[in-house]
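[1] Below: sequence and its predicted model.
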Amino acid sequence: MVTKPDNTQKSTAPLNEDELQDLVASADTGARDPAGTAGYIIAGVALCWSLFQLYIASPLPFMLSSATGLSLVFNSAQSRAIHLAFGLFLAFMAFPALSSSPRDRIPVSDWVLAILAACCALYIFVFYHALAQRPGLPITQDLVVAGIGMVLLLEAARRALGPPLAIVAIVFLAYVFFGSSALLPDVIRWGGASFGRAMEQMWLSPNGVFGVALGVSSAFVFLFVLFGSMLDRAGAGNFFIKLAFALLGHLRGGPAKAAVLASMMTGLISGSSIANVVTTGTFTVPLMKRVGFSPEKAGSVEVASSVNGQIMPPVMGAAAFLMVEYVGIPYLQVIKHAFLPAVVSYIALLYLVHLEAVKNDLPVLEKRETHPAMIALMRSGIVIASIVILLGAIYYAINFIKFVLPGLSGPVLMLALLVSYLALIWYASKSPDLELDDPNAPVVELPIAREVIKTGLHYLLPLFVLVWSLMVERKSPGLSAFYAVLLLIVIIVTQKPLKALFRGLQSAEQRAAFKEGFDDLVVGLILGARNMIGIACATAAAGIIVGTVTLTGIGQVMAEFVELLSGGNIFLILVFTALISLVLGMGLPTTANYIVVSSLMAPVIVELGAANGVLIPLIAAHMFVFYFGIMADVTPPVGLASFAAAAVSGGDPIKTGFTAFFYSLRTVLLPFIFVFNTDLLLIDVSWFEAVWVTLQATVAMLIFAAATQGFFMARNRWWESIALLLVTFMLLRPGFFLDLVQPPYITTEPAKIFEAVAEEPDDAEIRFTIRGPNFDDPDQMDERTMAFNLGAAGESGESRFEAATGLVAQIDGEQVLLEEPFDMNSLAGKTLSSLDFYADEPVRITAVEVSNEGRMPREIFYLPAALLLVLVMFFQRRRGGTLAGNPKAGAPRSAEA
């Protein structure tokens, strides 16, 4: 038995279970849940929304259209309109207008607003063909509906998401209408738009509210949110928490480590950091406090774990699906690029809480079963090897069936899946169902891992179907999620009656279990839809910002503004982008923040990088703004997840936020690293290189955790922390030090530019220094160093040069003269727009730089990093430190790791 230590820090009383659920409802599903007819209407509309989304994701519309001859297939514009109509209606019904508004009934005004908002969205569906016949020529009726719809959308966003997103959208709308005002600085002034032009852009065309973001919400995000909601309703959430505690709860700082693992597993299926905090934190935070974590530190661990759930594929808080559209790469590629930073970040967080526990000498929870360390390690190895062998056997068995029975493989595999499900349910029925323990009970018994696993293996089947469809079959995310949800429906409805049958219960109990399963299905469908209200409103309202960027060209203005502030320094460009993401993200949900900042800043990072001689992949820029959008959920004074964690722990929310930000420094560091070292995003790396990068990045982040915690084998001296930070940087960014020793580029004569271009391999990087007279002041000479990717080899040097750069060059003796770019919207056109191509002094290329292939390998700097690490370990070992940690500065002690 472990007793709770005496905490002298001032803290408030934690909220009870009902208050916590109300907190989640206020943020995610809507705080209003009236009884009677109104409650049935909200539930019925939410249920219809889920059924509609399942219908359009399934092959059913095509089958019915083929069978009946009727057009029962909705195009993207129609499905988006219906999707938003559901979201707006439920936003006004489920979210009160003010904190003082009634929650047990729906005022007449909200009924009117809900119906009117839904009608404005459905207008696009009903009059779709008429609107398509008059593009750019809206009639008065169109403009009235669009104007009302815009106002009601902003109000719905305010209710569901709070004021920040609505305020940002209003500011952008004001810029659309009053962009020509003399009150604005010249640098951002534009011609302004009429009401009709603005409404055409924002509401009546697919360039604003009904744009890409809402399309992603309708096609992909809803199904994944529904999948997570139903999986939790089936009991998987409790299974993940129990499994995490069974595996890690007995270690030093075990509740904190279990919180990290449970939040990671929950983050696989959850898109809400607040729901993640409350779901896992209700159980983990009291146990963390019991073993000695202060309320603020317990809440901070939960915040850092839960917020990081949004960087964990496959859902990533809906951003993964948006990246597919914005970056233009397959979903599988997004998952590949996002995977390593997420996993490394979680491993480092596990180590961080271990160090926190060791340096404070926190007690451990008693384990019910103990084994010698070597036996436990061997058993773990056998289990892991068995899982790998089993997965390999399943993979080859499925492919064998598809090869032998190509025409019947579908039904055979479905039958095999059904038999597997029945076998796992029979196996689960031999053990009692999992129940949530009371973390405040006098004695906490940690569950036994093998007993927990028995009860929930069937929950892995939908995850298997989802991953198999995405990764192996390469189906679309929407169709993959549909199949997974379909299997979940079967599991939710049948798991309880099947267990009752296998346990030999009476037929009346089996019927009651079937009814309970059907009720769970209905509740899961309703909760899935209610969880989507905020996301639907967020993606629609964020479409206003996207529409403004498209209409006004503010993106180019932002590029010029950021370049002016940064002086072209790419690191400063990233710092300003990070600050903008944090500021805009205060109070915004992650999805909306990502849409806003990626629309404004991701292209700016890529363009300014190339315009200043640094090639940054577009996916790296999008991942950068996404990571800092997530950090806005942590950062005071408006970190929503930190306030939720403080409500669970009873700690001070501001202090919780600052501590959580400190624990999340690795999430701040990683984006700056993977922008310059794209190996961390697994871009153009082999399998062997991917394994090496994974090991290297993991070690580096563990060392970074030790440096920031001020504790490694013993408490760090100040110089040891600095040395560990230097080791981290050497491991993650060895190319920086190599550039100081050997130049990354070698210069060739400008007159031989076409020969140099022709000789470079596929996707080689080349840099040009371009010099010419300033357009406004021809006597002033401007100079630019631009970087380009040359693409595939094989063409002549001149053709390859023109295709890669969009420039036409002429060799005149020793000089290379440039003509004005034909496409002024291209990178070269935007970057060189300040040069005068028709002045007496020509615009010319003064230097050509190609990659220096003769440099020593950058990995050479791992050697000084290793020596520096050994030096720190030597000094800490002399002071009595061990790899398990030494909480006291004197004698060594052992601790569970």
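    Thanks, I have the structure now.

[2] start to end distance for stretch 88-108?
    16 Å (CA to CA, to the nearest Å).

[3] how about that stretch: buried residues?
    For stretch 88-108, burial by neighbour count (16 or more other CB atoms under 10 Å) applies to 88-96, 101, 103, 106. C-beta: built from backbone N, CA, C; applies to glycine.

[4] Next: stretch 863-875.
    So for stretch 863-875, counting by 16+ other CB under 10 Å, buried means 865, 868-869, 872-873, 875.

[5] Output the below-cut-off pLDDT ranges for the stretch 201-350 of the chain.
    Residue ranges of the stretch 201-350 of the chain with pLDDT under 70: 267-273, 314-317.

[6] Would you mind listing the two of the buried residues of stretch 88-108 that lie farthest apart?
    Pairwise distances among the buried residues of stretch 88-108 were taken by CB to CB; the largest, 19.6 Å, belongs to Leu88 and Arg103.

[7] Any regions of the stretch 651-800 of the chain where pLDDT drops low?
    Judged by pLDDT under 70, no stretch of the stretch 651-800 of the chain qualifies at all.

[8] coming back round to it: so which of the buried residues of stretch 88-108 belong to helices?
    88-94 (DSSP state H).

[9] For Gly555, state which of the residues you listed is nearest.
    Leu88 (28.1 Å).

[10] Quick check: Leu572 touching Ser566?
    Yes: Leu572 lies in contact with Ser566 (CB atoms under 8 Å); the separation is 3.7 Å.

[11] more crowded one of those two?
    Set side by side, Leu572 and Ser566 show more neighbours around Ser566, with 18 against 14, by other CB atoms under 10 Å.

[12] Next, the contact list for that one, please.
    By CB atoms under 8 Å, 6 or more residues apart in numbering, the residues touching Ser566 are 572-573, 575-576, 608.

[13] let's go with 6 Å and repeat that
    Residues in contact with Ser566, defined by CB atoms under 6 Å, 6 or more residues apart in numbering, are 572-573.

[14] Leu54: neighbouring residues, count only.
    If we define neighbours as other CB under 10 Å, then Leu54 has 20 of them.

[15] Please list all residues in contact with it.
    Applying CB under 6 Å, 6+ apart, no residues contact Leu54.

[16] Likewise for Ser58?
    Phe482.

[17] and it, how far is that from Phe624?
    36 Å (CB to CB, to the nearest Å).

[18] now Ile139
    With CB to CB as the criterion, Ile139 and Phe624 are 44 Å apart.

[19] what do you get for Gly162?
    Distance from Gly162 to Phe624, by CB to CB: 25 Å.

[20] and if you look at Phe178?
    Taken as CB to CB, the span from Phe178 to Phe624 is 32 Å.

[21] So which of the two has more stuff around it?
    Applying other CB under 10 Å to Phe178 and Phe624 shows that Phe624 carries more neighbours, namely 25 against 13.

[22] so that one touches Pro671, yeah?
    Yes: contact criterion CB atoms under 6 Å: Phe624 and Pro671 qualify, at 4.4 Å.

[23] All the helices of the stretch 651-800 of the chain, residue numbers only.
    Counting by DSSP state H, counting those that start in this stretch, the stretch 651-800 of the chain has helices at residues 653-663, 665-676, 687-709, 718-732, 734-741, 753-759, 797-805.

[24] So which of the ones you listed is nearest Asp110?
    Comparing the helices of the stretch 651-800 of the chain by their distance to Asp110 (CB to CB), the top pick is helix 653-663, with 30.2 Å.

[25] Next, the angle helix 687-709 makes with the closest one.
    Here the directions of helix 653-663 and helix 687-709 differ by 130 degrees (axes from the mean of the first three to the mean of the last three CA atoms, to 10 degrees).

[26] Just the buried residues of helix 653-663, please?
    653, 655-661, 663.

[27] which residues are in contact with it?
    Residues contacting helix 653-663 (CB under 6 Å, 6+ apart): 296, 299-300, 303-304, 634-636, 639, 642-643, 645-646.

[28] related to what we said a few turns ago, will you turn the helices of the stretch 651-800 of the chain into a markdown table that also has distance to Ala538?
    Converted to a markdown table, the helices of the stretch 651-800 of the chain look like this (distance: least, CB to CB, whole Å):
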| stretch | distance to Ala538 |
| --- | --- |
| helix 653-663 | 22 |
| helix 665-676 | 22 |
| helix 687-709 | 31 |
| helix 718-732 | 33 |
| helix 734-741 | 38 |
| helix 753-759 | 45 |
| helix 797-805 | 38 |
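
[29] Which one of those lies nearest to Asn399?
    Ranking the helices of the stretch 651-800 of the chain by proximity to Asn399 (CB to CB) places helix 687-709 first, at 19.4 Å.

[30] ok, and what's touching the closest one?
    344, 347-348, 351-352, 355, 665-666, 679-680, 682, 712, 721, 724-725, 727-728, 731-732.

[31] Can you point out the buried residues in that helix?
    693-694, 696-709.

[32] re the thing from before, which one of the ones in helices among the buried residues of stretch 88-108 sits closest to Ala538?
    Comparing these against Ala538 with CB to CB places Ala91 closest, at 10.6 Å.

[33] so Phe628 touches Phe576, yeah?
    No: the pair Phe628 and Phe576 does not pass the contact test of CB under 6 Å, sitting 11.1 Å apart.

[34] So between the two, which is more surrounded?
    With neighbours defined as other CB under 10 Å, Phe628 and Phe576 compare such that Phe628 has more, 26 against 19.

[35] can you tell me how far that one sits from Pro589?
    Separation of Phe628 from Pro589 (CB to CB): 14 Å.
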